[in-house]
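# the sequence and its predicted three-dimensional model are supplied below.
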Amino acid sequence: MARTTGKLTDTGIKSSGLKTGRHSDGGGLYLNVAAAGSKSWVFMWTIGGKRREMGMGAYPEIGLARARKMAAEYREAVAEGRDPIAERVEAQAASSEPTFGECCDQLIASMSSSWRNEKHRAQWKMTLEVYAKPIREKRVSAIDTNDVLKVLNPIWTKKAETASRLRGRIENVLDFAKAKGWRTGENPALWRGHLKNVLPPRQKLTRGHHAAMSYDQVPALMVALRKSEGLSARMLELTILTAARSGETREAVWPEFDLDKAVWTIPAKRMKAAKEHRVPLSGRAVKILRELHEVRTDNLVFPGNQRGEPAEGVKPLSVMAMDMLLRRMKQDVTVHGFRSAFRDWAGEETNFPREVAEQALAHHVGDAVERAYRRGDALEKRRQLMEAWASYLAPAGEGMVVQLQHKRANS
């Protein structure tokens with residue numbers, strides 16, 4: 001195989017008479033000409049008495065000028081004791097490494113099938129997209145403690161529960177990246193022994209994990225909701241009026257409602273306790289439902305814009321619809337927290353028995369023996385309670401008659 005030395009020229013490289021073999025341009029740069037006529041660049045150098053070489057790419061994709069520039073960079077690396085091949089491998093690995101945001105998406109995609117419901121997935125996606133936005137474009141291997149604090153500090157005391165969950169999710173994402181080989185070392189989102197030393201202890205919620213609005217603030221919210229014409233506003237208003245769980249309202253279908261008898265019967269398969277639950281509907285709740293029934297286009301009471309598989313039809317309104325509505329209204333509370341507000345109101349502002357309020361929330365009351373003897377669901381007693389709740393939430397004057405009657409009945 002022929003090997004020539006001396007400076008190469010563009011004209012000479014393009015000529016058809018260039019022989020098979022390696023043609024030196026000097027400084028370790030060679031043009032390799034294959035028997036079939038294809039051309040490629042090679043850089044060669046000696047270290048510790050051993051010759052090494054690395055391919056640089058094909059000609060004409062890499063022209064003479066660019067090849068000389070690349071060779072100059074490789075010579076500089078060799079002179080400084082660096083290994084051009086090792087550096088290229090590292091650079092290629094870095095280019096295939098995902099950003100933090102891409103890593104978040106991959107983790108959610110891989111784990112969502114094991115999560116309990118769609119809302120759980122949506123909450124992960126929302127917090128890691130909205131609150132972690134400042135670091136989503138950064139390579140996941142480069143995320144450090146300062147990056148994590150940049151995300152957490154603005155909400156650590158203002159939105160304690162959200163911030164705590166977000167920290168845990170960031171920790172999971174970085175653990176996922178480490179398992180994939182994209183990170184090494186300690187996890188900068190670790191709480192114990194790390195962030196615990198730089199962030200103040202978070203204030204725990206007084207009611208489980210659901211930030212609740214004080215019941216005396218709910219009437220003002222209901223006034224604002226009535227001014228909104230959006231479907232999510234009607235869904236949230238009905239959820240508050242019935243003290244239902246968000247999923248119970250969101251997935252409601254018209255056959256569950258008897259508007260003449262003002263009763264909503266939620267089947268066992270949709271209840272947390274797997275037991276059918278009858279909900280007495282207040283006058284305001286019936287009014288909302290009648291208005292929605294007049295313009296219905298689907299079996300769902302609150303249909304969304306997305307469609308599932310052909311057999312599934314229209315999907316319900318988004319699992320985050322009510323949460324996003326509250327966020328737009330600048331309310332840092334959860335939908336589930338309104339059940340807590342209802343229970344506090346019933347306990348502190350009415351004389352209804354505790355059992356009636358608990359049944360309104362579809363909670364188990366008493367032990368198994370006691371429940372066996374209490375075969376009814378106190379529907380009519382609960383109807384009085386829900387009418388009183390609706391009256392309390394009504395705009396000034398509108399619910400006064402019901403409220404006064406309720407107070408006299410329980411005085």
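Now that the structure is in, tell me what you want to look at.
# what residues does the helix or strand where residue 124 lies touch?
Using DSSP states H and E, residue 124 sits in helix 118-130. Applying Cβ atoms under 8 Å, 6 or more residues apart in numbering, the external contacts of helix 118-130 come out as 101, 104, 108, 112, 115, 136, 162, 165-166, 169-170, 173, 246-247, 318-320. For the C-beta atoms, the positions are set from N, CA and C on the backbone; glycine is no exception.
# filter these to the buried ones?
For the contacts of helix 118-130, a burial check counting by 16 or more other Cβ atoms under 10 Å picks out 101, 104, 108, 136, 162, 165-166, 169-170, 173, 246-247, 318-320.
# of the residues you listed, which is the nearest to residue 229?
Closest approach to residue 229 among these (Cβ to Cβ): residue 318, at 17.5 Å.
# pretty sure residue 74 is touching residue 84, no?
Yes. Checked against Cβ atoms under 8 Å, the pair residue 74 and residue 84 is within contact range at 4.4 Å.
# name the residues contacting each of those two.
Joint contacts of residue 74 and residue 84 (Cβ under 8 Å, 6+ apart) are 43, 45, 54.
# and the residues you listed as CSV, adding neighbour count, distance to residue 329 and secondary structure?
Formatted as CSV, the shared contacts of residue 74 and residue 84 follow (neighbours: other Cβ atoms under 10 Å; distance: Cβ to Cβ, whole Å; DSSP: H, G, I helix; E, B strand; the rest coil):
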residue, neighbour count, distance to residue 329, secondary structure
43, 22, 63, strand
45, 19, 67, strand
54, 15, 61, strand
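# can I get those residues in JSON lines with distance to residue 359 and pLDDT?
What follows is the shared contacts of residue 74 and residue 84, written out as JSON lines (distance: Cβ to Cβ, whole Å; pLDDT from 0 to 100):
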{"residue": "43", "distance to residue 359": "80", "pLDDT": "93"}
{"residue": "45", "distance to residue 359": "83", "pLDDT": "91"}
{"residue": "54", "distance to residue 359": "76", "pLDDT": "90"}
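# now stretch 315-330: buried residues?
Neighbour counts using 16+ other Cβ under 10 Å place 315, 316, 317, 318, 319, 320, 321, 322, 323, 325, 326 of stretch 315-330 among the buried residues.
# all helices for the stretch 51-200 of the chain, in order.
Shown for the stretch 51-200 of the chain, the helices assigned by DSSP state H, counting those that start in this stretch span residues 64-79, 84-96, 100-111, 118-130, 145-152, 160-179.
# in this structure, where is pLDDT below threshold?
Low-confidence segments of the chain (pLDDT under 70): 1-6, 16, 91-95, 114-117, 202-210, 306-313, 364-377, 396-411.
# domain parsing for it?
2-96, 100-197, 215-409 (automatic domain parsing).
# check contacts around residue 254.
293, 296, 299, 300, 301.
# how about 6 Å then?
residue 299 (Cβ atoms under 6 Å, 6 or more residues apart in numbering).
# distance-wise, check it relative to residue 156.
Residue 254 sits 44 Å away from residue 156, taking Cβ to Cβ, to the nearest Å as the criterion.
# can you tell me how far residue 103 is from residue 134?
As judged by Cβ to Cβ, residue 103 and residue 134 stand 15 Å apart.
# and residue 74 and residue 84? Which one has more around it.
Neighbours per residue (other Cβ atoms under 10 Å) separate residue 74 from residue 84, with residue 74 holding more: 24 against 20.
# show me where the stretch 251-400 of the chain has strands.
Counting by DSSP state E, counting those that start in this stretch, residue ranges of the strands within the stretch 251-400 of the chain are 257-258, 263-266, 277-280, 303-307, 314-316.
# just the residues contacting the first one, thanks.
Contacting residues not belonging to strand 257-258 are listed as residue 264 [Cβ under 6 Å, 6+ apart].
# that one pairs with which strands?
Within its sheet, and counting by DSSP bridges, strand 257-258 is paired with strand 263-266 (antiparallel).
# how about the strand it pairs with: buried residues?
Going by neighbour count (16+ other Cβ under 10 Å), the buried part of strand 263-266 is 263, 264, 266.
# and the residue lying closest to residue 279 once chain neighbours are set aside, bridged to which residues?
Spatially, and ignoring its direct neighbours in sequence, residue 279 is nearest to residue 264 (4.2 Å; Cβ to Cβ, 6 or more residues apart in numbering). For residue 264, the beta-bridge partners are residue 257, residue 279 (DSSP bridges).
# residue 264 and residue 239: what is the separation?
12 Å.
# same check, this time on residue 122
From residue 122 over to residue 239 (counting by Cβ to Cβ), the distance is 17 Å.
# do the same with residue 287
Distance, residue 287 to residue 239, using Cβ to Cβ: 15 Å.
# same question, residue 317
Counting by Cβ to Cβ, the gap from residue 317 to residue 239 is 12 Å.
# picking that back up, for the buried residues of strand 263-266, which one is nearest residue 144?
Proximity of the buried residues of strand 263-266 to residue 144 (Cβ to Cβ) peaks at residue 266, which lies at 48.5 Å.
# how far away is that closest one from residue 292?
Remark: distance between residue 266 and residue 292 (Cβ to Cβ) = 17 Å.
# could you pull up the residues touching the residue nearest to residue 279?
Shown in contact with residue 264 (Cβ under 6 Å, 6+ apart): 256, 257, 279, 281.
# burial measure for residue 338, as a count.
For residue 338, the neighbour count with other Cβ under 10 Å is 25.
# got phi/psi on the nearest residue to it once chain neighbours are set aside?
Nearest non-adjacent residue to residue 338, counting by Cβ to Cβ, 6+ apart: residue 240, 4.8 Å away. With angles defined as degrees, to the nearest 10, residue 240 sits at phi -70, psi -40.
# need the residue closest to the centroid of the protein.
Centroid-nearest residue in the chain, with Cα atoms, centre = their mean: residue 125, separated by 1.7 Å.
# and residue 287 and residue 239? which has more neighbours close in?
Taking other Cβ under 10 Å, residue 287 and residue 239 do not tie; residue 239 has more neighbours (23 against 12).
# thought that one was touching residue 249?
Yes. Residue 239 is within contact range of residue 249, at 4.4 Å (criterion: Cβ atoms under 6 Å).
# hey, what's in contact with both of the two?
Residues touching both residue 239 and residue 249 (Cβ under 6 Å, 6+ apart): none.
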